[in-house]
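**Student:** Fold the following and give me the result.
(chains A, B, C, D, E and F)
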There are 6 protein chains.
Amino acid sequence: MARFDLPESELRTFSPDVRVEDDFDEFWTRTLAESRAMRGDGPTITKIESALRGVDIYDLTFPGFAGDPISGWYIRPAGETADLPVIVEYVGYGGGRGLPHERLAWPTAGYAYVVMDTRGQGATWGGGGVTADPHGAGPSFPGVMTRGIEAPETYYYRRLITDAVLCVDAVRELPGIDTSRIAITGISQGGGITLAVSGLRDDLAAAMIDVPFLCHFERAVGMSDRDPYGEVNAYLRIHRGQRETVFRTLSYVDGVNFASRATAPALFSTGLQDATCPPSTVFAAFNRYGGSKDIDVYEFNDHEGGAESRWPDLAAYAARTLA
Amino acid sequence: MARFDLPESELRTFSPDVRVEDDFDEFWTRTLAESRAMRGDGPTITKIESALRGVDIYDLTFPGFAGDPISGWYIRPAGETADLPVIVEYVGYGGGRGLPHERLAWPTAGYAYVVMDTRGQGATWGGGGVTADPHGAGPSFPGVMTRGIEAPETYYYRRLITDAVLCVDAVRELPGIDTSRIAITGISQGGGITLAVSGLRDDLAAAMIDVPFLCHFERAVGMSDRDPYGEVNAYLRIHRGQRETVFRTLSYVDGVNFASRATAPALFSTGLQDATCPPSTVFAAFNRYGGSKDIDVYEFNDHEGGAESRWPDLAAYAARTLA
Amino acid sequence: MARFDLPESELRTFSPDVRVEDDFDEFWTRTLAESRAMRGDGPTITKIESALRGVDIYDLTFPGFAGDPISGWYIRPAGETADLPVIVEYVGYGGGRGLPHERLAWPTAGYAYVVMDTRGQGATWGGGGVTADPHGAGPSFPGVMTRGIEAPETYYYRRLITDAVLCVDAVRELPGIDTSRIAITGISQGGGITLAVSGLRDDLAAAMIDVPFLCHFERAVGMSDRDPYGEVNAYLRIHRGQRETVFRTLSYVDGVNFASRATAPALFSTGLQDATCPPSTVFAAFNRYGGSKDIDVYEFNDHEGGAESRWPDLAAYAARTLA
Amino acid sequence: MARFDLPESELRTFSPDVRVEDDFDEFWTRTLAESRAMRGDGPTITKIESALRGVDIYDLTFPGFAGDPISGWYIRPAGETADLPVIVEYVGYGGGRGLPHERLAWPTAGYAYVVMDTRGQGATWGGGGVTADPHGAGPSFPGVMTRGIEAPETYYYRRLITDAVLCVDAVRELPGIDTSRIAITGISQGGGITLAVSGLRDDLAAAMIDVPFLCHFERAVGMSDRDPYGEVNAYLRIHRGQRETVFRTLSYVDGVNFASRATAPALFSTGLQDATCPPSTVFAAFNRYGGSKDIDVYEFNDHEGGAESRWPDLAAYAARTLA
Amino acid sequence: MARFDLPESELRTFSPDVRVEDDFDEFWTRTLAESRAMRGDGPTITKIESALRGVDIYDLTFPGFAGDPISGWYIRPAGETADLPVIVEYVGYGGGRGLPHERLAWPTAGYAYVVMDTRGQGATWGGGGVTADPHGAGPSFPGVMTRGIEAPETYYYRRLITDAVLCVDAVRELPGIDTSRIAITGISQGGGITLAVSGLRDDLAAAMIDVPFLCHFERAVGMSDRDPYGEVNAYLRIHRGQRETVFRTLSYVDGVNFASRATAPALFSTGLQDATCPPSTVFAAFNRYGGSKDIDVYEFNDHEGGAESRWPDLAAYAARTLA
Amino acid sequence: MARFDLPESELRTFSPDVRVEDDFDEFWTRTLAESRAMRGDGPTITKIESALRGVDIYDLTFPGFAGDPISGWYIRPAGETADLPVIVEYVGYGGGRGLPHERLAWPTAGYAYVVMDTRGQGATWGGGGVTADPHGAGPSFPGVMTRGIEAPETYYYRRLITDAVLCVDAVRELPGIDTSRIAITGISQGGGITLAVSGLRDDLAAAMIDVPFLCHFERAVGMSDRDPYGEVNAYLRIHRGQRETVFRTLSYVDGVNFASRATAPALFSTGLQDATCPPSTVFAAFNRYGGSKDIDVYEFNDHEGGAESRWPDLAAYAARTLA
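**Tutor:** Below you'll find the model as predicted:
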């Protein structure tokens, strides 16, 4: 059936207990501190030539987890020198920063805009990516979901979330940024990352979290037949004895745990027919979210959620929130 | 197999005879004349409010086939008053003009830009459309491919191609257009329409034709298992006796016949694994194309062809051709 | 799972509120009156040559919605001149009146028999159809489910249901009919149409409604992954803002609303594994049906329901009811 | 690709050598003689009650292979006492004789009509069957294709073809038959059986062979991914060493070998997109067929071939041939 | 969804009433007695040559149902002459005894080991089989699930279960067996057979029953979309009137009914995502099982259950139970 | 179609030119030398407890590429102290060394046996693996096929092939090995690795190469729709500009290039319906193979090739070759 999860009335109050380890906060405090200590030089930007004369485009590199170089694009209205409010975007599973012409809406709307590349991904769809993930892994199911899942310290998403938090560090150092008006946003994996950053920073003016992945793993794994949650299920089909280990690791990157620690105003969205990131997993995070919040519900949509229709709503929200 | 069509070396010289009726040119001359005679007032544009402050956006309506009102967007760099070279885009099967924020690359690159809505489509993907097709049809397979296929006069694509040709009439009347520098472009169905317009107008500065649909029907139908060519096959599975009627009708909208009549410089593209619009059907048109021409071949791509990577190449081509 | 809907015990009492507008009756009264006013000449029948010497076959044309010509077959036992009880059949989605040799059971059983062609369909399966739908539509998803769904007045099924009601008008005028013994029947879409006619006429002796489509749309859309309910879901995935408009339009053709207005004796059937027309949507109509009624439940069947085994049961029911 | 086999021009002359054992004729002579010797009483018919008053319906039982009782329906125009030309039909894979109301076209056209049930099948589609196959088998892949394939003597199709030949023996003994005008017909498996009977009898007035199965096994197995040819492939995937045994057995039931022995006038049909019974396997038999012959080619059809549109052509052929 | 059945907490107490006929015990007593009476000579073993020098391999034949010859392998540690505890294995649907090198774990662990071939199967996967099923059947759906399902006496599984019970008779007569330490085991169909034998013998030291098939048919049929339960559903889709007959027959081979009669210690396993043999059907048997028992639950596995990881657990259980 | 590649007669002589770089030999000489230089201590083996008393099982660790620790199992007939001929096995894509009871055939046949774990894989099927791949990668498509594909030096298969070569170094140091009788073997990826090791060592007594992967990439990529060749195609769909880079890298691990350098006697196998590793890619390597050679062709098998039936043939070959 297209509809498969709880009815909307139950979703609105769905607030299950989600596993969290005692050292969750310490884990992230330590992780961020260690990586910040390993940064060498700050972010660098290089202006690139482009036919897109209405915007200025910079190739961005900044130090991420363990100081690893992470790429992105920094795009601004052409010739604009004022400090602008900034939108920082994280991208979906398998994608990368893509090409600048794919990412013109926010700068055309007058914002500074940064999109972060995703380490080791960027080869499955869209314009791709360029950022390596220079860390190995134990036996893994194809995809990144189970790379290093043996422990929180080695887990892929520890690295990616750290990149995302440090991306905001870097953004604050860029020229032309109004650091009091930083908003973060993302779809699917990008939404999950946005949620994580919301829980790990207190300097954000807004978070826009669309159809987020990485929420309530114990429900999602075994509920969704699709990747990427399905990658975890597939891994556990072979590594039968590692249930405890796997869900312990995942608890450190669970969006529900980040949500309860977040304070920035947030706008969520979910599709009631979303079989990739089921709506109950989204509401599990939304209902625990610590800041002021709202959620748009797409009754007839699968994981595409608001898709092309979504940006005008985000733009209106950003206009209100960053004004 | 991913590869299924002729090898590239054979594609380069593949130039089959394609059916064309004696009255092909007369048919189109008459069709266009009749519809032009039925136009009431010219195109109208209405500026819309938008968060996209870097561009000026107008809701466009112009008279298409039989004077039917056809919608589009007209988008320009904000505040720019000079006469600009213009890019006119036709969209793919099932889509519509979508939303303005999806279509920022060309105006950001300094062009005037018009995207034409597709009558009766616009409900299958993307931001959708708003234009009706106020004409009925005989028994049809779902989709528009067999609507009115009983005769060239009643065929859906007679109407859509006429809309597309008259869209350029309308564009010439818009304010701020350099009418000596009109380029047309489109992907898939949009590519097929671009090819048709190329064969029916002599005032175009360039045509950019990506992975075009609507070419060499007698090869494509029965070669591609997928819609929309598959819709014709499905129709003929039931209406077994109508082979002659169907392919006669289709010959009036076959891109190969338009190609041989075209004169504008053109840039094509095709994917060698394109099972929707097989590369041999694209080369059948390309090899007959009457103007100066080039083609980019994507060896490992299916119907997505160049996808997100394509626009920079188009922009470079437009810059050269419209300079 | 093969079983996916409510258990039979709950189906038996499943009687949800289904949306109905205040002007539902007025809408249909007006619609039928307007179309009856537009009829020109009455039905015409033309005897055709056929190898089927045991029956007399007539090509039927009658005025349907807006006076549009609608085709059908009128078939009788050969040489029989008595006024016979008549079976009027409506066909399933994508089909048409087909060929006479497909439709011999009822005339062989001694009935006059009329099968109505389906406007604009008749190209997807079976012997096909010949009747055009000379009305256009706004942006639509492939298929007829969303053609004109913007308003009840423009909706495709307003036209088709009107055709079906007027088909009985026409049947009453045919030679050799016992107008006190008119039964109507249909499978799937044909069952939905039968239900609609049952709610809009009071001169019927029986209605045989198999695995009906067009019932309880707010449950069916989003429950069935398959077309044709899925077409509405697909449309709403793009036209996200039109939920209210769409379900308002659909309420005017919802079989549940016709059921509560019906008075003729009726025999329903449903398959408990029917994922095209889920059994709960059938019972929603059955449980509200206003006339005397019975339902046959096929526990292990999907949308095929009784399939080939069904006709003997219908024949027995007709024999009892029309005797 | 929808088209996958040889182009029609090559099909027309495709006449490959097909394996045949020296004792092919002796095998069949002996098989038929033995089974005829084992018959007890002749065919029996029992008139059944039915709503179908335009026809007389008899439940037929006759002695088939090894005297096993085989069922069928014998249907005639009601009350007709003249000796009539007769159509004998064999049915497709997985089906049975079904229900009488499914089989009214031929008797309505004035013919006596017999449909033979298929031993052990009759549980996969349609109205089903009632005839057992009281013979066991060695290790087999699901379906009947590999039952007893270890040797021609034990092979399932030895039994079924014998049933089919003896069905005509039985038909000749039925009341009301003009034994000079016996035609046989069938679709798919029924077509293959028709071809076999054509090669094993010399008293037939016509054979109508639609999209026949059981032809040119060494090409068909490994060309068609679908059942039932696929069952043989599946069996050989496990029983790797039995290639010689399997194809030797199959050669005794290969339609190509029957075709070259046939003498009755025949009408074939094939679909050029038939991936179940590829057109080249049909033409391999057709081109070798020994009697006068014609073939109808459905260019856009898969295994459905002419489907509902086919019967009028068969009726015309029967009218010409049996006149 | 991957998870589709009851949650584990409910499975633990799921104990539905399952149909059982009054003569269930008598049926089996009579069946076994009749077949035992028809045995001719006892089991025969023939030592075969093999590269597998660490084991002695014998080709086993023993009299099964109605005295039919049934094959198997008898494998022992090479040169070992002591009476050994023995493991008897039954195999999964479509398979056969396979090849000896596939079956080395138990003899390498020091056990005598017998694997029973499966009559009439052995052509779908793995190393195949050699044992015929010399009994015919009525109309059947492909596969063995509906062969002879018209009555318990003719049903395929009556024969197979009898083979399995008599296999233990035969094992008791083999040289080198410690008849006080006979364990039986199997996966899927093999597990269902193990369960049946457990209910029909009282001389077993242990039963190891993995992801068993053949349990709680009225729930399983219509819950699982997959074969082999799906074969019964498919049969009932055509033979609609035979629900009572079919489920009556199946009740005689339902593992739940055998479970309540069993006394040997048993170890079960099930996968919570097993859509072939749903966990609730396994627990329905487990919860009724009459002997001491335990069950291993694989939370993330489908029908593969413990797969390659399972044997060490079985070996440990066997070591404890047969010590 | 099941058959899709060249006919066997053409396969027998199919010997295309395959790209090879001038420094191919130097690349591998250097790679192996560098990794050998980085080894620390030699292989270690630890005897493990097991119910499998007929064999002695050791957990093996040896230094692989860059000295990374690689696991394996070393299994011998229990208590056997003689120097034995040894079989070294490499496993298929996604698998790992699994569990010892899966790997009993060779030791039961009297051989020493080593199975090498596969770095970073071992989570997709079977008993899994334990060996990490401690090296990162650039943007990659899920799976290992494109990890580090930017350059031969960083490519995943450089590491895995080096592991495999050094595994034989380690085997030579194990106790109880007759180093003059080392055979290597593998299926699919394991077959490709076996081929690579055959080309990089001159101390092998035999190579058994079943349905090998990693051969003739420029044909395989774009011919096979399936993973893992499909991963390369998928990568190139996004990274369109990297064709030259990718195929240059792949040429260093192409089995055709190793084949021409190999000298050990070899037995290959291939399935003519193998759509994962098409037979023409296997024959491209086989026909160039430098040692004495033979190939078994499975006409009706897909990638499973000989499957369970294969081992007896390998055992016979090993017996002849290692005698």
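**Student:** how distant is stretch A:4-21 from the center of its chain?
**Tutor:** 21 Å (CA atoms, centre = their mean, to the nearest Å).
**Student:** who in the stretch 201-323 of chain A is up against chain E?
**Tutor:** Contacts of the stretch 201-323 of chain A with chain E, taken as CB under 8 Å from any CB of the partner chain, map to A:Val221, A:Gly222, A:Met223, A:Ser224, A:Asp225, A:Gly230, A:Asn233, A:Leu236, A:Arg237, A:Arg240, A:Arg243. Bear in mind the C-beta positions are built from the backbone N, C-alpha and C, glycine included.
**Student:** How many residues are close by the closest residue to chain C within the stretch 201-323 of chain A?
**Tutor:** Residue of the stretch 201-323 of chain A nearest chain C, by CB to the nearest CB: A:Phe300 (4.0 Å). Using other CB atoms under 10 Å in any protein chain shown, A:Phe300 has 22 neighbouring residues.
**Student:** Then A:Ala123?
**Tutor:** Here the number of neighbours of A:Ala123 (other CB under 10 Å) works out to 26.
**Student:** Test my guess that it contacts F:Tyr235.
**Tutor:** Yes. Using CB atoms under 8 Å, A:Ala123 is in contact with F:Tyr235, at 5.2 Å.
**Student:** Select only the buried ones of the residues of the stretch 201-323 of chain A next to chain E in PyMOL?
**Tutor:** Typed into PyMOL, the line below selects the buried ones among these, using 16 or more other CB atoms under 10 Å in any protein chain shown:
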select buried, chain A and resi 221+222+223+224+230+233+236+237+240
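**Student:** Identify those among the residues of the stretch 201-323 of chain A next to chain E that sit within helices.
**Tutor:** Using DSSP state H, the members of these that fall in helices are A:Gly230, A:Asn233, A:Leu236, A:Arg237, A:Arg243.
**Student:** so A:Val297 sits in a strand?
**Tutor:** Yes. Under DSSP: H, G, I helix; E, B strand; the rest coil, A:Val297 falls within a strand.
**Student:** pretty sure it contacts A:Phe268?
**Tutor:** No. Contact between A:Val297 and A:Phe268 fails when scored by CB under 8 Å: they sit 9.2 Å apart.
**Student:** which of those two has more neighbours?
**Tutor:** Neighbours per residue (other CB under 10 Å) separate A:Val297 from A:Phe268, with A:Phe268 holding more: 24 against 18.
**Student:** what's the nearest residue to the more buried one if we skip its chain neighbours?
**Tutor:** Of all residues not flanking A:Phe268 in the chain, A:Ile295 sits nearest, at 4.1 Å (CB to CB, 6 or more residues apart in numbering or on different chains).
**Student:** Pull the number of nearby residues for the one you found.
**Tutor:** When neighbours are counted by other CB under 10 Å, A:Ile295 comes out with 18.
**Student:** Confirm for me that it is in contact with A:Tyr289.
**Tutor:** No. In terms of CB under 8 Å, A:Ile295 does not count as a neighbour of A:Tyr289; the distance is 9.1 Å.
**Student:** Quickly list what's touching both of those two.
**Tutor:** A:Phe268 (CB atoms under 8 Å, 6 or more residues apart in numbering or on different chains).
**Student:** can you map out the helices along chain A?
**Tutor:** Counting by DSSP H, the helices of chain A are A:8-11, A:24-38, A:105-108, A:156-173, A:189-200, A:217-220, A:229-238, A:243-251, A:255-259, A:279-286, A:310-321.
**Student:** can you put these in JSON lines and add mean pLDDT?
**Tutor:** Below are the helices of chain A laid out as JSON lines (pLDDT from 0 to 100):
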{"stretch": "helix A:8-11", "mean pLDDT": "97"}
{"stretch": "helix A:24-38", "mean pLDDT": "98"}
{"stretch": "helix A:105-108", "mean pLDDT": "98"}
{"stretch": "helix A:156-173", "mean pLDDT": "98"}
{"stretch": "helix A:189-200", "mean pLDDT": "98"}
{"stretch": "helix A:217-220", "mean pLDDT": "98"}
{"stretch": "helix A:229-238", "mean pLDDT": "98"}
{"stretch": "helix A:243-251", "mean pLDDT": "98"}
{"stretch": "helix A:255-259", "mean pLDDT": "98"}
{"stretch": "helix A:279-286", "mean pLDDT": "98"}
{"stretch": "helix A:310-321", "mean pLDDT": "98"}
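**Student:** give the contact list for A:Ser224.
**Tutor:** So A:Ser224 contacts A:Gly230, A:Ala275, A:Thr276, A:Cys277, A:Pro278, E:Met1, E:Ala2 (CB under 8 Å, 6+ apart).
**Student:** tell me the pLDDT at the fourth one?
**Tutor:** Looking at A:Cys277, its pLDDT is 98.
**Student:** Please apply the same query to the last one.
**Tutor:** pLDDT, the model's per-residue confidence, is 81 for E:Ala2.
**Student:** show me the contacts for the residue most central in space within chain A.
**Tutor:** Central residue of chain A (CA atoms, centre = their mean): A:Ile193, 2.1 Å from the mean position. Contacts for A:Ile193 (CB under 8 Å, 6+ apart) come out as A:Tyr90, A:Leu160, A:Ile161, A:Ala164, A:Gly186, A:Leu214.
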